[in-house]
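Undergrad: Task: produce atomic coordinates for the following.
(chains A and B)
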Amino acid sequence: MDRVLSLLWKELRERRGAILWWGLGLAVFGYVVLYLYPSLADQMAAMDMPEVYQMFGDFSNLGKLKNYLAVEAFDVMLVLTLGFYAALTGSGALAGEEETGTLETLLALPLARWHVVIAKVAALGLTLAALLVIMAAGLSLGLNHVASQRPVEYDALDMLWASLNVWPILMFYGTLGLFLGAYLPSRGLASSVTAALLVVSYLVNNLGRLVDVVRPYRPYSPLYHYSSTAVLEGRVVWSDELLILGFTLLWVVLALLSFQRRDVTVHIWPWQRLSARRRAAQRE
Amino acid sequence: MSGDLIETQGLTVFYGSHRGIRDVDLTVRQGEVFGFLGPNGAGKTTTMRVLLDIIRPTRGRASLFGLDCQRDGVAIRKRVAYVPGELALYGNLTGRRYLDTLDRLRGRRAAPFYRRELCDRLGLDTTRRVAEYSQGNKKKLSLVAAFMAKPDLLILDEPTGGLDPLVQQTVLRMVQEARREGRTVFFSSHILSEVQAISDRVGIIREGRLVTVERVDDLTAQPFHRLRLSFAQQPPAEAFQIAGVTELDREGPSVRLEVRENLAEVMRIAAAIGITDMETQPVTLEEVFLAYYGEKGVDRHGQGA
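TA: Numbers count the residues shown, from 1 in each chain, chains lettered A, B, ... in the order given. This is a model prediction of the structure:
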């Protein structure tokens, strides 16, 4: 266990630059979004664009702070941007180290392969949580500015929970990237596939609100099961949370199994390895 | 467990349809320095990676310390240190922190004075970031990381590659010291001279097959001499057309010969023509390899490799 913690510590140390700069960016973004809210609220309340409202969620009025936060802070920006970050970080966690060559050094140490996967998952989870906490700090500062001009129904703790509410869906894509990185021959392929799935699920979920042909497929999009407003409304949709966390766990298990079987440094498809094994068995 | 520290049986690795290694039966005894020779791509690194369970064999088995490389990988690697041939280190760490990190991941603390001594001997500055290191310094750092743990087995893939000659000598001395302390060293190289200098036995791998394992003395008892003879004037074309002698080429009054027998006769003819200079030419590993096994992989006993 000590060795897993040491590896986790090493991983977090390596990501501190990313945490600092991404966190700073997200905090500034959160602050600016809420800083602008008082001057935008009336204009947004007056807007009559039902299709746009519908595309971003079942909102009737973006002038309301809850709806404004759900669309401007916790939807496109956070899910897509941090989703890409999670996908790239997840796919790079094993496959990236394999491509740079450092994984060979790591696996020559007395670490079981599952030690490596668990440490990588934990580092990914903590990194994403840290980024969301930093963003919540920015949102809280922005909320203070809003509160100085008009009454608000939320406090800093609400911002923290609303930010952390994004964590499960980010972990979904991060661990999917991790699994694909352990299964596919290259990091590039793993990150491309993960990012493409993120974009497709975003489009299916959001366009499905408007387009009848796409609508039946919405429940198959992981993002359908993420609600940017639920926490702000004081509720948790446990079935959705458990579904996303269940799939996240599935990706972790698949990553463990794939990495356990992987010929590190070889970069071939799993079936190429199996067919080589079959040919060798036939020769015997 | 017998005296064999490394043992492989029918070890075969295929990368899809590409050959890695094939039917490698190898034993390395406890306390010996074993040189693993072969040209690039022959399968040296693949064999090492299988021993460390980085790559899984397609067929066959490998054991270290009597333990199965796949099943008991963690227990094995507690007693092994590895220097990879293709170095990739964590560039954002300083050298010191890199060594600390590896120490922690290995789960035991290397003696600080020994670590310092190794750094001093190799001339390594551990205060700089690894990303700023030259290839040579990265190699030194990797060597310190391996030796500081005082493992029972050192697996070194081209350990002197990229180092200057003085440091190369230091590394070879460190290997010899490790052997004197009873530790085992399994190292790969394609530099015959360094293998000759420190190995007890060598294995030669060619195109994925282990073609021989021999004592160094036997390997270096070359079945021929290669000479460059210079004369005052160009010697007659047929001068060295005698049994066991092959004329490789001639450049003006110089002749290059490969002499497998009748060396005394060659000397007599050269003296009669008027030899002005003689030079024995070093033999590269590739040449020894070809001399022993022939272009088509046929060994000196006429058997297919």
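Undergrad: so which helix or strand takes in A:T194?
TA: Counting by DSSP states H and E, the element that carries A:T194 is helix A:187-207.
Undergrad: Residues in contact with that helix: which ones?
TA: Applying C-beta atoms under 8 Å, 6 or more residues apart in numbering or on different chains, the contact partners of helix A:187-207 are A:55-56, A:79-80, A:83-84, A:87-88, A:90-92, A:95-96, A:98-99, A:173, A:176-177, A:180-181, A:183-184, A:214, A:217-218, A:220-224. In short, each C-beta sits where N, CA and C put it, glycine included.
Undergrad: For it, give the mean pLDDT please.
TA: If you average the pLDDT over helix A:187-207, you get 92.
Undergrad: Likewise for stretch A:154-165?
TA: For stretch A:154-165, the mean per-residue pLDDT is 90.
Undergrad: on that earlier part again, pull out the buried positions in the helix holding A:T194.
TA: A:187, A:189-191, A:193-195, A:197-198, A:201-202, A:204-207 (16 or more other C-beta atoms under 10 Å in any protein chain shown).
Undergrad: ok so, going back, in ChimeraX, select just the buried ones from the contacts of helix A:187-207.
TA: In ChimeraX, this line selects whichever of those come out buried by 16+ other C-beta under 10 Å:
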select /A:55,56,79,83,84,87,88,90,91,92,95,96,98,99,173,176,177,180,181,183,184,214,218,221,222,223,224
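Undergrad: Tell me the spacing between B:E158 and B:P84.
TA: As judged by C-beta to C-beta, to the nearest Å, B:E158 and B:P84 stand 9 Å apart.
Undergrad: who's more crowded, these two?
TA: B:P84 (25 against 20; other C-beta atoms under 10 Å in any protein chain shown).
Undergrad: my read: the more buried one touches B:D157, true?
TA: Yes. Counting by C-beta atoms under 8 Å, B:D157 is a contact partner of B:P84 at 5.5 Å.
Undergrad: Name the residues contacting each of the two.
TA: B:T45.
Undergrad: and the stretch 1-150 of chain B, which residues reach chain A?
TA: Applying C-beta under 8 Å from any C-beta of the partner chain, one finds that the stretch 1-150 of chain B approaches chain A through B:12, B:14-17, B:49, B:52-56, B:58-59, B:73-75, B:77-78, B:80-82, B:84, B:86-90, B:92, B:101-102, B:104-107, B:142.
Undergrad: Helices of chain B, residue ranges please.
TA: Here chain B has its helices, by DSSP state H, at B:44-51, B:73-77, B:95-106, B:112-122, B:135-147, B:165-180, B:192-198, B:216-220, B:263-273, B:285-293.
Undergrad: and the nearest residue in space to A:P185 that is not next to it in sequence, how many residues sit next to it?
TA: Using C-beta to C-beta, 6 or more residues apart in numbering or on different chains and skipping the chain neighbours, the partner closest in space to A:P185 is A:H267 (4.6 Å). Using other C-beta under 10 Å, A:H267 has 18 other residues around it.
Undergrad: Could I get the contacting residues of the residue in chain B that chain A sits nearest to?
TA: Chain B approaches chain A most closely through B:A88 (2.7 Å), counting by C-beta to the nearest C-beta. By C-beta under 8 Å, 6+ apart, the residues touching B:A88 are A:100-102, A:104-105.
Undergrad: tell me the phi and psi of it?
TA: phi -140, psi 110 (degrees, to the nearest 10).
Undergrad: Flag the shaky bits of chain B, pLDDT-wise.
TA: Scanning chain B for pLDDT under 70 picks out the ranges B:1-2, B:219-223, B:282-305.
Undergrad: And the residue nearest the centre of it?
TA: In chain B, the centroid-proximal residue (C-alpha atoms, centre = their mean) is B:S189; its distance is 2.4 Å.
Undergrad: so who does that residue touch?
TA: With C-beta under 8 Å, 6+ apart, B:S189 has these contacts: B:35-37, B:158-160, B:195.
Undergrad: make it 7 Å
TA: By C-beta atoms under 7 Å, 6 or more residues apart in numbering or on different chains, the contact set of B:S189 is B:35, B:37, B:158, B:195.
Undergrad: Make a ChimeraX selection of the buried ones in these.
TA: Filtering these down to the buried ones (16+ other C-beta under 10 Å) takes a single ChimeraX command:
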select /B:35,37,158,195
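Undergrad: Could you pick out which of the contacts of B:S189 are located in strands?
TA: B:35, B:37 (DSSP state E).
Undergrad: Between the contacts of B:S189, which sits nearest B:G182?
TA: B:G35 (18.5 Å; C-beta to C-beta).
Undergrad: Quick check: that closest one touching B:V195?
TA: Yes. Using C-beta atoms under 7 Å, B:G35 is in contact with B:V195, at 3.8 Å.
Undergrad: check contacts around the closest residue to chain B within the stretch 51-200 of chain A.
TA: Per C-beta to the nearest C-beta, A:G101 is where the stretch 51-200 of chain A lies closest to chain B, at 2.7 Å. Neighbouring residues of A:G101 by C-beta under 7 Å, 6+ apart: B:86, B:88.
Undergrad: if I look at it, how far off is B:G95?
TA: A:G101 is 18 Å from B:G95, by C-beta to C-beta.
Undergrad: again with A:A18
TA: A:A18 is 23 Å from B:G95, by C-beta to C-beta.
Undergrad: The two: who's more crowded?
TA: Between A:A18 and B:G95, counted using other C-beta under 10 Å, B:G95 has the larger neighbour count: 24 against 14.
Undergrad: For the nearest residue to the more buried one once chain neighbours are set aside, give me its contacts.
TA: Using C-beta to C-beta, 6+ apart and skipping residues adjacent in sequence, the residue nearest B:G95 is B:T126, 3.4 Å away. Going by C-beta under 7 Å, 6+ apart, B:T126 touches B:94-96, B:99, B:119.
Undergrad: Next: B:G244.
TA: B:G244 is in contact with B:259-262, counting by C-beta under 7 Å, 6+ apart.
Undergrad: Now flag whichever of these is closest to B:R206.
TA: Among the contacts of B:G244, B:R260 lies closest to B:R206 (C-beta to C-beta), at 21.4 Å.
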